[in-house]
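A.B. asks: Take this sequence and fold it.
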Amino acid sequence: MQPKAIELRGRARGSGRFPAICAPLVGRTRERLLAEAAVVAAKSPDILEWRVDFFDGIGETAQVLDALAGIKRAARGTPILLTRRSMREGGEPIALSESEVVALYRAVCATGDVELVDFEMGNHPADVLEVREISRAQGVKLILSFHDFHRTPPAEMLEQRFAQAASLGADIAKVAVMPQGMDDVLTLLSATLRASRALEIPLVSMSMGRFGAITRVCGWTFGSAMTFAVGEASSAPGQLAIEDVETALALLQKAIRPQDL
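C.D. replies: Residues are numbered from 1 along each chain as shown. Below is the predicted model of the structure:
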């Protein structure tokens with residue numbers, strides 16, 4: 001069965017690769033963020049992820065929207081994913097309530113400057129529903145995600161997380177977990193494979209840290225439609241440089257064609 005690709009602007013995988021390569025932006029100031037965006041965009045990832053929880057100005061919507069417009073210009077046509085990662089799932093502390101985070105997502109989606117947003121499915125159900133409605137109304141793809149930075153839950157639980165995202169209306173389901181050894185890496189990969197066969201939406205998965213680094217280059221063979229790679233600075237443990245990911249993918253894809261999976 002062919003893996004399900006992420007479609008943006010009517011075209012699969014952003015610039016046409018499978019898996020899509022997403023590079024994070026983690027600058028804390030507008031000046032640093034825009035400089036980072038220019039450097040990373042020049043490396044031609046398929047998607048740029050702005051981790052807005054790193055941004056010092058997150059408490060002022062006008063500052064966020066101004067920075068986003070600058071990123072859009074620097075991105076040179078690369079699709080943008082906006083993510084606020086909560087502290088409970090590995091994000092930075094921010095001075096916003098959850099209702100204010102939802103309001104920020106509403107403002108961001110209305111700009112037309114983002115193609116995707118990430119929202120954690122562990123948030124309050126009413127907030128998840130509201131972000132789903134906001135993003136759909138603006139034609140923005142919604143990633144519903146689950147992260148565990150401490151352990152790898154059993155495969156059945158991971159499959160339930162993928163299914164939960166689909167049931168909540170996600171366009172893309174994402175699961176990221178921390179392994180304590182290679183057995184945990186196999187757990188993540190096997191759960192991804194089974195979920196990719198069972199669900200209609202694209203999946204994104206990764207095992208983090210040094211044990212999980214292999215999933216960032218081979219996860220696509222198990223059905224993960226996107227991998228995260230470092231353009232300038234990482235946003236999670238185990239991320240590899242874009243250049244290294246591209247090289248590893250090219251080597252694997254000489255032997256394994258995505259259309260044959």
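A.B. asks: How about residues contacting the strand ranked longest in the chain?
C.D. replies: In the chain, ranked by residue count with DSSP state E as the criterion, the top strand is strand 141-148. Applying C-beta atoms under 8 Å, 6 or more residues apart in numbering, the external contacts of strand 141-148 come out as 6, 8, 81, 85, 89-90, 115-122, 128, 131-132, 135-136, 161, 164-165, 168-178, 204. (Each C-beta comes from the backbone N, C-alpha and C, glycine too.)
A.B. asks: just checking, which of those belong to strands?
C.D. replies: Judged by DSSP E, these include 8, 81, 116-120, 172-177, 204 as members of strands.
A.B. asks: I'd like those residues laid out as TSV, including pLDDT.
C.D. replies: TSV is the format used below for the ones in strands among the contacts of strand 141-148 (pLDDT from 0 to 100):
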residue	pLDDT
8	85
81	98
116	97
117	98
118	98
119	98
120	98
172	97
173	98
174	98
175	98
176	97
177	97
204	97
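A.B. asks: farthest pair in the residues you listed?
C.D. replies: Based on C-beta to C-beta, the longest span within the ones in strands among the contacts of strand 141-148 runs between 8 and 177 and measures 25.7 Å.
A.B. asks: which of those two has more neighbours?
C.D. replies: residue 177 (27 against 18; other C-beta atoms under 10 Å).
A.B. asks: mind checking pLDDT for residue 28?
C.D. replies: What the model reports for residue 28 is a pLDDT of 95.
A.B. asks: what does the one 3 residues further on give?
C.D. replies: Residue 31 is assigned a predicted lDDT (pLDDT) of 96.
A.B. asks: Also residue 239?
C.D. replies: 72.
A.B. asks: do the same with the one 5 residues further on
C.D. replies: Residue 244 is assigned a pLDDT of 90 by the prediction.
A.B. asks: what angle separates the longest strand of the chain from strand 116-120?
C.D. replies: Angle of strand 141-148 versus strand 116-120, following axes from the mean of the first three to the mean of the last three C-alpha atoms, to 10 degrees, is 40 degrees.
A.B. asks: Fine, thanks again, bye for now.
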